[in-house]
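**Q** prediction below, plus the sequence it came from.
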Amino acid sequence: MDKKEFISHHPEDATALLCICGNTPWAQGFLSCDHEGREIEVIEKFGPLYCCDACGRIIDADTLAVIGRTGNEDAVGVGV
Ligand SMILES: [Zn+2]
């Protein structure tokens, strides 16, 4: 991955994540995950990583940077 991707916040809700694929918390939503995209229980101060449930991008919620991607993108067929 040469160029870093960043997601954004929803224009109408600054607290809501808006994934590059168009997913929002009220669409397919985001899961808490670790650096490899494995779903985790939300533990206090574990880390602000989220996995997009639509495209599998792993997102650092502090910087909105896409730090990786889980292997599940084949299963969803989102063309991004
Ligand atoms: Zn996504």
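**A** Ah, there it is. Note that the coordinates shown come from a computational prediction; the quantities given were computed from them, not determined experimentally.

**Q** use CA for all of it now, contacts and neighbours both
**A** Fine.

**Q** residues near Ala14, how many?
**A** Residues lying near Ala14 (other C-alpha atoms under 10 Å) number 10.

**Q** so what's the residue nearest to Ser32 when sequence neighbours are not counted up against?
**A** Using C-alpha to C-alpha, 6 or more residues apart in numbering and skipping the chain neighbours, the partner closest in space to Ser32 is Tyr50 (4.5 Å). Shown in contact with Tyr50 (C-alpha atoms under 8 Å, 6 or more residues apart in numbering): 30-34, 37, 58-61.

**Q** could I get the phi/psi values of Tyr50?
**A** Dihedral pair for Tyr50: phi -130, psi 150, per degrees, to the nearest 10.

**Q** again, but for Cys51
**A** When quoted as degrees, to the nearest 10, the phi and psi of Cys51 stand at phi -110, psi 130.

**Q** could you do Asp34 as well?
**A** Backbone geometry at Asp34, expressed as degrees, to the nearest 10, gives phi -90, psi -170.

**Q** my read: it touches Arg57, true?
**A** No - distance between Asp34 and Arg57: 11.8 Å, which falls outside the contact criterion (C-alpha atoms under 8 Å).

**Q** who has more neighbours out of these two?
**A** Arg57 (26 against 18).

**Q** isn't the more buried one right next to Gly71, touching?
**A** No - judged on C-alpha under 8 Å, Arg57 makes no contact with Gly71 at a distance of 9.3 Å.

**Q** residues in contact with stretch 29-39?
**A** Residues from elsewhere that reach stretch 29-39, judged by C-alpha under 8 Å, 6+ apart: 23-24, 40-42, 47-54, 56, 58, 67-70.
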